[in-house]
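# Fold the stuff below for me.
(chains A and B)
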Amino acid sequence: MKKQTVNTKNLRTPDEIAKRQGMWLTIICLVALYVGLFALDNFVKPTKFTLMLIPVLKKGAIYSLLCVSMNLLNGFTGLFSLGQAGFMLIGAYAYSIFSIPAEQHASVYQYFDGGIIQFSIPQMLSNAIGVDAGSFFGAIICILIAGVFAAIFAALIGIPVLRLKSDYLAIATLGFAEIIRAIFQWNGLGVITNGSNLLRKYTAFSDMKIQVGATALKFGTIFPFFIVMLCILVIILLINSSYGRAFKAIRDDEVAAEAMGINLFKHKMMSFIISSFFAGVGGALLAMFQTTVQASAFMSSMTYEILLIVVIGGIGSVSGSCIAAFLYIACSEWWLRFLDSGGVGGLEVAFFRDGFRKVVFSVVIMIIVLFFSQGIMGNKELSFAGLIRRIKAKKASKAVKAEVGGAAE
Amino acid sequence: MVDFLHNNLQYLLSGISVGGQYALIAIGYTMVYGILRLINFAHGDVFMVAGLIMIYAVAGGLPLWAAMVLVIVLTVALGVAIEKVAYKPLRSAPRMSVMISAIGVSYLLQNCALYFTGGLPRTYPVIPFLTKKVTIWGATTKMVTIITPILTLVLVFVLVFLINHTKIGMAMRAVSKDFETSQLMGIKINSVISFTFVIGCFLAAVGSLLYFSNYQTVVPTSGAMPGLKAFVAAVFGGIGSIPGAVIGAFIIGICENIIKGVGQQWTIFSDAFTFVLLIVILLVKPTGIFGEKATDKV
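Prediction:
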């Protein structure tokens, strides 16, 4: 028999070792990601490739947050809500209304005598602490306001709506999203919302920079990643907390959850408000990305799109939602563009014209919905710790096999 | 009162007309929900596709009557195909998956329509008989405004007769009462469900002929709003109840047009009103005005 040497200093289970290694790998990857993004923002010369890549990265990050926030509600709490577009709309409007510079009001609100809100938070901060820091912190404050507004509306809507179940909840939240859209387009509120006209000229991603000497360091791509990462981190922490376990219990069996002493309404409300908060934040980021906002764009089809991305990623998987969001945005904005433009590498295809990409997309989505209802990740999470554990398990089983084979010889 | 009626007759008439068109769509929703417990999100888009088929059929040189027949046949075929491909495989899956599948079909139909139309609004062919101008009590309107409510009521009576007095109607009622038990009693579930989709899509096709004769343009999203409104009408009337859906649709159609008539600035709320009505009815009387006893809605 072999004697096993035990290191008393590092008395850890393989599980703990994998966890620790996974954590380090995650940190290294994140650092690499941010260094890469920073380089992309500042040092890489704009080519055709980067001109496609950067918007895809930004929009992918924003959609990740939107999908994860929807997943929190639909996948982890089992509340089938279709109000996402409404909360995004509130977030986008709250953000842009409070960050349009004061001197631009006259031109933006040209049909409403410059509107009634005559201040801009980024501008006020700019006057106090300098333009760059001002627009950075101002944008963050406005994003928070956007989230809070969405959350307040969610709290108001939630009281009546969360009494409903499954499809009735879906149709009622969808209805509320439509009502919100109508209210924001109403001319009676035009002095605040600019009616059905565009909101523009507010602080956008391109304003995120630091002046160092003569050169300006830009943070246009890092900014959305940073905000989205923080938000998703909060959602993950929430899901792994006791509240998150209560959400999952409600999802799995409402009656049993109630019998276990979980306050159904309180937890549903909490999930609804938090999800809406992050939908509002996502809406604000989307507004920053688009540089203009119009209420008529936030239709129910936007909610459907996000829902379908969540399904592709796997209902109940945060990492799945993120992967699917990036994949979806990359395919629809970049990789599958050739389907619309009429040819692949010189090969002309007659039926490749505007809109074909979306047809292909929806067919793929239907195939996933019908035959791979688990999506990419099912309800599992992608983590380095899990990967390391799996690789080790494989190695161990191989070693065992080899040993068995050796013994047989 | 008479004066008010006279002055707003235009709006009232178009309200009754659009209400009838919503009613024809709403029956499709309410019957499918009654049997499958599924909000068929794709139904509004089937309605839109029916409009497009008419446009392409007439553009392809078919005479109007043949085009109308083709619209009805193809729409019914589309509805049944959707059921077979997208809903049947998920019959034992959770309700949420079926609904996601319905949303997926809706997304697919809209994108296909976008592809075929190139995103441009298409003009609906003029059906001379329906678009003829008539004047009633000082209000000029199209013939379709008069025909819609009459045709709707006739079709509803036929349908109610079918459901109450024929074998297949009895099977449908049995299935909507209890899915599993009726299966045990020897009812062929699949053919009953297909038949439901046939009726729903037939009425949606007729509705599309009337609706688009009135509004004249078809875009890929034309079906979404009428579809949702028709669903609200079905909920308002008590889901599963056909007379309820029809009355709900007329109420929604009329109220919506009265809001448009009250003032220009309220027009934007004519769509939102429907959803306010939905939320009020869900909170006050979730079974709807003609609904049967509450099951698991709330």
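# and residue 172, how many neighbours does it have?
Answering for chain A, as no chain was given. 25 (other Cβ atoms under 10 Å in any protein chain shown). In short, each C-beta sits where N, CA and C put it, glycine included.
# Not quite, go with chain B.
23.
# Now it: closest residue in space, sequence neighbours ignored.
In space, and not counting its chain neighbours, B:Met172 is closest to B:Val192: 5.7 Å by Cβ to Cβ, 6 or more residues apart in numbering or on different chains.
# where do the strands sit along the chain?
Answering for chain A, as no chain was given. Taking DSSP state E, the strands of chain A run over residues A:199-200, A:209-212, A:215-218, A:292-293, A:343-344, A:347-348.
# The chain in question should be chain B.
Under DSSP E, chain B gives strands at B:122-123, B:133-136, B:139-142, B:217-218.
# Contacts for the second one, please.
In this structure, residues lying in contact with strand B:133-136 by Cβ atoms under 8 Å, 6 or more residues apart in numbering or on different chains are B:9, B:13, B:140-143, B:145-146.
# Reformat the strands of chain B as TSV; add mean neighbour count and distance to B:Ser106.
As requested, the strands of chain B are arranged in TSV below (neighbours: other Cβ atoms under 10 Å in any protein chain shown; distance: least, Cβ to Cβ, whole Å):
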stretch	mean neighbour count	distance to B:Ser106
strand B:122-123	17	19
strand B:133-136	10	36
strand B:139-142	16	29
strand B:217-218	19	16
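# Mean pLDDT added to the ones you listed, as CSV?
Formatted as CSV, these follow (pLDDT from 0 to 100):
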stretch, mean pLDDT
strand B:122-123, 89
strand B:133-136, 79
strand B:139-142, 78
strand B:217-218, 89
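# nearest to chain A, of the contacts of strand B:133-136?
B:Leu13 (24.5 Å; Cβ to the nearest Cβ).
# ok so, going back, contacting residues for the residue nearest to B:Met172?
B:Val192 touches B:35, B:168, B:171-172, B:175, counting by Cβ under 8 Å, 6+ apart.
# what pLDDT does it get?
At B:Val192, the model reports a pLDDT of 92.
# Which of the contacts of strand B:133-136 sits closest to B:Val276?
In terms of Cβ to Cβ, no member of these lies closer to B:Val276 than B:Leu13, at 23.8 Å.
# Right, and chain B sits closest to which residue of the stretch 101-250 of chain A?
A:Gly175 (3.2 Å).
# any idea how far the nearest residue to that residue once chain neighbours are set aside lies from B:Gly288?
Residue nearest to A:Gly175 in three dimensions, not counting chain neighbours: B:Phe275, with 3.2 Å by Cβ to Cβ, 6+ apart. B:Phe275 is 15 Å from B:Gly288, where distance means Cβ to Cβ, to the nearest Å.
# Then A:Asn187?
Separation of A:Asn187 from B:Gly288 (Cβ to Cβ): 34 Å.
# And B:Phe157, by the same measure?
In terms of Cβ to Cβ, B:Phe157 sits 21 Å off from B:Gly288.
# wait, isn't A:Gly114 in contact with A:Ala106?
Yes - with contacts counted by Cβ atoms under 8 Å, A:Gly114 reaches A:Ala106, the gap being 4.6 Å.
# Settle it for me: which of these two has more neighbours?
A:Gly114 (17 against 12).
# Sketch out the low-pLDDT regions of chain B for me.
The model of chain B has pLDDT under 70 over residues B:1, B:292-298.
# typo on my end, it should be chain A
A:1-12, A:342-351, A:405-409.
# what residue is smack in the middle of it?
Centroid-nearest residue in chain A: A:Leu65, 1.2 Å away (criterion: Cα atoms, centre = their mean).
# That residue reaches A:Leu230, doesn't it?
No - here A:Leu65 lies out of contact with A:Leu230, judged by Cβ under 8 Å, at a distance of 9.7 Å.
# could you list every residue that touches the closest residue to B:Val18 other than its chain neighbours?
Take B:Val18 and drop its neighbours on the chain: the residue closest to it by Cβ to Cβ, 6+ apart is B:Gly253, 4.2 Å away. Counting by Cβ under 8 Å, 6+ apart, B:Gly253 touches B:15-22.
# hmm, try it at 7 Å
When contacts are counted by Cβ atoms under 7 Å, 6 or more residues apart in numbering or on different chains, B:Gly253 touches B:15-16, B:18-19, B:22.
# Up against chain B, what does the stretch 101-250 of chain A have?
Residues of the stretch 101-250 of chain A that fall close to chain B, judged by Cβ under 7 Å from any Cβ of the partner chain: A:160, A:163-168, A:170-172, A:175-176, A:178-179, A:182, A:185-188.
# As PDB, could you dump the C-alpha coordinates of stretch B:10-20?
Only the C-alpha atoms of stretch B:10-20 are listed here, as PDB (Å, rounded to 0.1, in the frame of the first residue of the first chain):
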ATOM      1  CA  GLN B  10     -69.700  58.800 -37.300                       C
ATOM      2  CA  TYR B  11     -67.700  57.600 -34.300                       C
ATOM      3  CA  LEU B  12     -70.400  55.400 -33.000                       C
ATOM      4  CA  LEU B  13     -70.800  53.700 -36.400                       C
ATOM      5  CA  SER B  14     -67.100  53.000 -36.900                       C
ATOM      6  CA  GLY B  15     -67.000  51.800 -33.300                       C
ATOM      7  CA  ILE B  16     -69.700  49.300 -33.900                       C
ATOM      8  CA  SER B  17     -68.000  48.200 -37.100                       C
ATOM      9  CA  VAL B  18     -64.500  47.800 -35.600                       C
ATOM     10  CA  GLY B  19     -66.200  46.100 -32.600                       C
ATOM     11  CA  GLY B  20     -67.600  43.500 -35.000                       C
END
